[in-house]
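Novice: Following is a predicted model, sequence given first.
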Amino acid sequence: MSDKKKRAYFRELAALAHERELSTALQSLQAEFERWQQGQIDCFELNQCVHEFHQGKSRKLYSLYDMADLDIVVPGAVYRGIITEEELVEPYKSELLETLERYR
């Protein structure tokens with residue numbers, strides 16, 4: 001793969017990892033919507049939860065998956081298990097796994 005193909009592949013992996021982590025994080029927000037629907041919290045408390053999510057976890061994930069640092073973000077996602085080793089393709093699978101071994 002050329003360097004251009006590597007960047008494109010890493011962008012795909014970073015987007016997949018971002019989607020997975022954001023989906024997981026949104027589950028806590030979904031729970032707050034359910035509490036609101038059940039009358040356990042009011043609309044103002046729900047609004048505060050949405051605000052805190054946006055300013056906190058959502059913003060952190062957006063910053064983490066900024067496409068400028070793909071050579072750090074993608075190995076990190078593999079290390080944390082967001083992207084599995086089985087999902088990686090050669091020739092970059094070997095490169096990524098070698099990078100991870102240096103930090104284990």
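Specialist: Perfect, thanks for sending it. Numbering: from 1, shown residues only.
Novice: Name the helix or strand for the most centrally placed residue in the chain, please.
Specialist: Residue closest to the average C-alpha location in the chain (C-alpha atoms, centre = their mean): His18, at 2.8 Å. Per DSSP states H and E, His18 falls inside helix 3-37.
Novice: Which positions in that helix come out as buried?
Specialist: Judged by neighbour count using 16 or more other C-beta atoms under 10 Å, the buried positions of helix 3-37 are Lys6, Tyr9, Phe10, Leu13, Ala14, Leu16, Ala17, His18, Glu21, Leu29, Glu32, Trp36. Using the backbone N, CA and C atoms, a C-beta is placed for each residue, glycine as well.
Novice: thought the second one was touching Lys93?
Specialist: By that I understand Tyr9. No: judged on C-beta atoms under 8 Å, Tyr9 makes no contact with Lys93 at a distance of 10.3 Å.
Novice: Could you figure out how far the particular helix or strand that has Glu101 in it is turned away from helix 3-37?
Specialist: Element membership for Glu101 (DSSP H and E) is helix 92-103. Using axes from the mean of the first three to the mean of the last three C-alpha atoms, to 10 degrees, the direction of helix 92-103 lies 70 degrees away from that of helix 3-37.
Novice: Which strands and helices lie in contact with helix 92-103?
Specialist: Using 3 or more C-beta pairs under 8 Å, 6 or more residues apart in numbering; DSSP states H and E, the elements in contact with helix 92-103 are helix 3-37, helix 70-79.
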